[in-house]
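1. I would like to see how this sequence folds:
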Amino acid sequence: MSRLSLSSRQPTPPPAPLDADQRVWWGERALPPDEAHFWRIGPLHLWVLRGDLEWRLAWLRDDSAPPELVDAQPAPDGFPDDEREGLQAARFGVASAEGPLTVAPRLPDRPMVIRPLTPLTLPEGERVTLFVSSPLFLELSVGAPARKLVEVPTVRPTDTWFGSPIDGEICYASRTHGYRHLSELPMFPHRAITPVHVVNATREPLAIDRFSLPVVHLSLYFGADGHHWTQEVTVTREAGTSVGRVQLGSGAPEAAGDPGQVHRVAEPRVPSPGYFGARVFSSIFGR
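-> Model (predicted):
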């Protein structure tokens, strides 16, 4: 599958919204030997060169680039020089470089700890929905059957510890407004949207300072609207317990559009039941 296309951006007026096909930067692509190919997905710039007995990759991130851009084409300047500032490079030796390159979107490989820019408090018995987004990773594979080479984050989140000093895990950190309305959330081709429902089933106010989004348990969908989505996540805080009761939606959320035009593009990294509780969520409410 190769449905990648170019989008141009003029300084004024702003670029027209991309349609669904233009936002598809992933898929299978046959690359001619010794011809560098270039992807630009939001801030990520990626080069791939197929050699005789090896594959060469290089990437860097340009935070000044318009985050809505999607671009894929033969690299006009060839494979980049290793001395370019911020460039990371890798080589992979193979017995034969025949076969296609597959670029696949994946959710992050750790939970995302979401910290609203302004903490939100829920009175007793209240329920709120927050819309958050997570950066996507690119999984690069070659050949048929596909052999994985590497994963490259479109955005490299910072590391953070979630939990107590003796009982927790390393996660990725994200600062967000925690948007209450979907229309307020910036939507970009390199991020996946998750509706998060938080339910306060206790008899006291619930302060949401930060929460852990279990993206490793979520599937990734490509919506009819041309955006990437996960299923909905509902977290309930009940009286008398220190864990959050977590329920995962059974499919893409309604906001992703016509179910007949929504496609699941990645399975969860860690399969789990759709309804569970875990001690890692004991800090979800700042307790």
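2. ok, residue 121 touching residue 200?
-> No - contact criterion C-beta atoms under 8 Å: residue 121 and residue 200 do not qualify, at 9.2 Å. C-beta coordinates here come from the backbone N, C-alpha and C atoms, glycine included.
3. now the common contact residues for the two.
-> residue 206 (C-beta atoms under 8 Å, 6 or more residues apart in numbering).
4. in terms of neighbours, single out the busier of the two.
-> More neighbours surround residue 200 than the other of residue 121 and residue 200, with 23 against 12 (other C-beta atoms under 10 Å).
5. state the phi and psi torsions of the more buried one.
-> phi -100, psi 100 (degrees, to the nearest 10).
6. residues contacting it?
-> 122, 123, 124, 125, 126, 127, 206, 237.
7. filter those residues down to the buried ones, PyMOL style.
-> Applying 16 or more other C-beta atoms under 10 Å to the contacts of residue 200, the buried members can be selected in PyMOL as follows:
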select buried, resi 122+206+237
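8. which two of the contacts of residue 200 have the greatest separation?
-> Greatest spatial distance among these (C-beta to C-beta): 123 and 237, at 12.5 Å.
9. who's in contact with the closest residue in space to residue 227 that isn't next to it in sequence?
-> Spatial nearest neighbour of residue 227, excluding adjacent residues (C-beta to C-beta, 6 or more residues apart in numbering): residue 187 at 5.1 Å. Neighbour list for residue 187: 133, 193, 227 [criterion: C-beta under 8 Å, 6+ apart].
10. and if we set it to 10 Å?
-> 17, 23, 67, 68, 131, 133, 193, 223, 225, 226, 227, 228 (C-beta atoms under 10 Å, 6 or more residues apart in numbering).
11. with residue 160 instead?
-> Contacts of residue 160 (C-beta under 10 Å, 6+ apart): 110-113, 115, 168-174, 210, 212.
12. related to what we said a few turns ago, so what sits against both of residue 123 and residue 237?
-> By C-beta under 10 Å, 6+ apart, the residues touching both residue 123 and residue 237 are 200, 204, 206.
13. so which of the residues you listed sits lowest on pLDDT?
-> pLDDT across these is at its lowest for residue 206, which sits at 83.
14. on that earlier part again, quick check, nearest of the contacts of residue 200 to residue 150?
-> Of all the contacts of residue 200, residue 237 has the smallest distance to residue 150: 38.8 Å, by C-beta to C-beta.
15. how would you label the closest one: helix, strand or coil?
-> strand (DSSP: H, G, I helix; E, B strand; the rest coil).
16. start the count at 53 instead of 1 going forward.
-> New numbering, starting at 53: the last item is residue 289.
17. do you know how far it is from residue 190?
-> Noted for residue 289: a distance of 35 Å to residue 190, by C-beta to C-beta, to the nearest Å.
18. again with residue 204
-> Separation of residue 204 from residue 190 (C-beta to C-beta): 5 Å.
19. kindly report the same for residue 168.
-> Counting by C-beta to C-beta - residue 168 and residue 190 are separated by 28 Å.
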